[in-house]
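>>> can't give you the sequence, but here's the structure:
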Ligand code: IPM
Ligand code: MN
């Protein structure tokens, strides 16, 4: 029995609705297993800009630092997307949080769900049984490199991609650790035929690979990897890559399963880990009680497993999610045509009840 402190950061768009359901599920599981769960909510993203002027206020950061885990919704607002001149942007809050919490590894498991295969844009035989994990570097590369900006007359813009040996080593090491517990294959994705940073990634990976003779190591250029992900997704076990390539490839990975609304993620590193759905803030659906809460509920499962080392609790959540889908308690995004669908809160409540009864 543990006492667990959770920082709850619902964020923008559908964030509050889906996080509410994931928190209820978390509390139900905590109660079932006799844990004391203490939680506190704080603003992040566009709503934090409105409230405090900052997308990641100090008070939110302090809460994250003193918590055992962060349950995160989503950030982003069309108000800022359509205004390239905005001085403060919600995404800066996410980047600041990643940097300040030292979240250097973003883990996105890409798994298929029985009963949803037909929703994939890929033919069933290509995707059925695909199960891989993308490990994206999250605090370096182009998204953080400096200098970044514009020439004085504004006619030229630039970003910097920079990686140190140390930044690469810690994440590649992590990828091999995961591969050892899985099917023992690492695919390192880079653009080593063009980029100096990619060549350093490859050099470091080759050195680490030599320490893991049981693990098969493969190197793919990112353009080729993007193609392979739709041609032969089952060829992957653990993919490790730098920040921007990982950003792009994980979006691709998330839709080939046919269910963007289903995929959770964990960001881990030096301080408190953050658990969040892969999908964004989906502003069109905000406040309508139609968003799929399963990705966030499955992120809560990852939180139990990775942050609290409570695997049985995590598995119970995953089982409850599988049962809800079997029972047809699903939101419209994953329902079959003509079948009645449920609201966000109905899915969450069904799962809570199932947990209480099992
Ligand atoms: C993600 C998101 C973020 C990113 C945005 C919102 C800054 O797309 O988590 O992948 O690109 O890192
Ligand atoms: Mn992204």
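Great, that's in hand. A quick note: this is a predicted structure, and the numbers were derived from the prediction, not measured. Residues are numbered from 1 along each chain as shown. Ligands and ions are numbered 1, 2, ... in the order given.

>>> middle-most residue in this structure, spatially?
Nearest to the geometric centre of the chain sits residue 265, at 2.9 Å (Cα atoms, centre = their mean).

>>> Are we agreed that it is in a strand?
Yes - assessed by DSSP: H, G, I helix; E, B strand; the rest coil, residue 265 belongs to a strand.

>>> Which of the three states applies to the residue nearest to it when sequence neighbours are not counted?
Closest residue to residue 265 apart from its sequence neighbours, by Cβ to Cβ, 6 or more residues apart in numbering: residue 108 at 4.6 Å. For every residue, glycine as well, the C-beta is placed using N, CA and C. Classification of residue 108 by three-state DSSP places it in strand.

>>> still on that earlier bit, mind listing what the residue nearest to the centre of the chain touches?
Contact analysis of residue 265 by Cβ atoms under 8 Å, 6 or more residues apart in numbering lists 106, 107, 108, 109, 275, 276, 277, 278, 299, 302.

>>> make it 6 Å
108, 276, 278 (Cβ atoms under 6 Å, 6 or more residues apart in numbering).

>>> ok, and the most crowded of those?
residue 276 (28 neighbours; other Cβ atoms under 10 Å).

>>> Distance of that one relative to ligand 1?
Per Cβ to the nearest ligand atom, to the nearest Å, residue 276 is found 8 Å from ligand 1.

>>> same question, residue 270
Counting by Cβ to the nearest ligand atom - residue 270 and ligand 1 are separated by 18 Å.

>>> What backbone torsions are found at the residue lying closest to that residue once chain neighbours are set aside?
Spatial nearest neighbour of residue 270, excluding adjacent residues (Cβ to Cβ, 6+ apart): residue 102 at 2.9 Å. Torsion angles at residue 102 (phi, psi; degrees, to the nearest 10) stand at phi 60, psi 40.

>>> same check, this time on residue 33
phi -100, psi 10.

>>> The stretch 1-150 of the chain: strands as residue ranges?
3-11, 36-41, 69-74, 105-111, 131-137, 149-150 (DSSP state E, counting those that start in this stretch).

>>> most packed of the ones you listed?
Among the strands of the stretch 1-150 of the chain, strand 69-74 has the highest mean neighbour count (mean count of other Cβ atoms under 10 Å), at a mean of 27.

>>> anything in that strand near ligand 1?
No - Strand 69-74 lies out of reach of ligand 1 by Cβ under 6 Å from any ligand atom, never closer than 8.1 Å.

>>> Neighbours of whichever residue of the stretch 251-358 of the chain sits closest to ligand 1, how many?
Residue of the stretch 251-358 of the chain nearest ligand 1, by Cβ to the nearest ligand atom: residue 280 (6.4 Å). For residue 280, the neighbour count with other Cβ under 10 Å is 17.

>>> Residue numbering should commence at 3 henceforth.
Got it, first residue is 3 now, which makes that one residue 282.

>>> so who does it touch?
76, 78.

>>> secondary structure element for it?
Residue 282 belongs to no helix or strand when elements are defined using DSSP states H and E.

>>> What about the residue of the stretch 53-202 of the chain found nearest ligand 1, how many residues nearby?
Nearest residue of the stretch 53-202 of the chain to ligand 1 (Cβ to the nearest ligand atom) works out as residue 93 at 3.9 Å. Neighbour count for residue 93, taken as other Cβ under 10 Å: 16.

>>> Tell me how far it lies from residue 250.
15 Å (Cβ to Cβ, to the nearest Å).

>>> For the longest helix along the chain, buried residues please.
Ranked by residue count and defined by DSSP state H, the top helix of the chain is helix 17-34. Within helix 17-34, the residues that qualify as buried are 17-32, counting by 16 or more other Cβ atoms under 10 Å.

>>> Now do residue 227 against ligand 1, distance only.
17 Å.

>>> mind listing what that residue touches?
residue 191.

>>> and it, what pLDDT?
The model reports residue 227 with a pLDDT of 98.

>>> ok, now the one 3 residues further on?
What the model reports for residue 230 is a pLDDT of 98.
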